[in-house]
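J.: Return a 3D structure for these sequence lines:
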Amino acid sequence: MSVTPSVNNLAVSTDDRTLRVFFENYGNVEDAVVIKDPKTRLSRGFGFVTFSSDEEAEIAVTNTNEKE
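T.: Below you'll find the model as predicted:
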């Protein structure tokens with residue numbers, strides 16, 4: 001079952017691909033989306049990453065929580 005945790009405190013320059021590549025280190029990423037400002041097209045500072053399993057999502061959250 002897929003799990004989609006939120007990701008916060010992203011840099012304004014972060015895009016979908018950068019987010020995906022970073023989180024692929026922790027498991028199989030099905031999707032990665034950075035929420036963007038519709039006018040500037042820059043990151044609003046948060047996004048979502050969909051992992052293939054609960055275990056992969058938990059590993060990612062544990063290893064990246066409070067990291068820059």
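
J.: drop to CA atoms for contacts and neighbour counts, all remaining ones
T.: Will do.

J.: For the chain, which segments count as helices?
T.: For the chain, helices defined by DSSP state H occupy the ranges 16-23, 54-64.

J.: hmm, what's the outermost residue in this structure?
T.: What lies farthest from the middle of the chain is residue 39; by Cα atoms, centre = their mean that is 21.7 Å.

J.: how much space is there between residue 7 and residue 38?
T.: Applying Cα to Cα, to the nearest Å, the value for residue 7 to residue 38 is 19 Å.

J.: go on, residue 49?
T.: Going from residue 49 to residue 38 by Cα to Cα gives 20 Å.

J.: Compare these two (neighbour count), which wins?
T.: Neighbour count, other Cα atoms under 10 Å: between residue 49 and residue 38, residue 49 has more, with 22 against 9.

J.: For the more buried one, give me its contacts.
T.: Neighbouring residues of residue 49 by Cα atoms under 8 Å, 6 or more residues apart in numbering: 4, 5, 6, 7, 19, 20, 23, 29, 30, 31, 32, 33.

J.: Kindly recompute the last result at 7 Å.
T.: 4, 5, 6, 29, 31, 32, 33 (Cα atoms under 7 Å, 6 or more residues apart in numbering).
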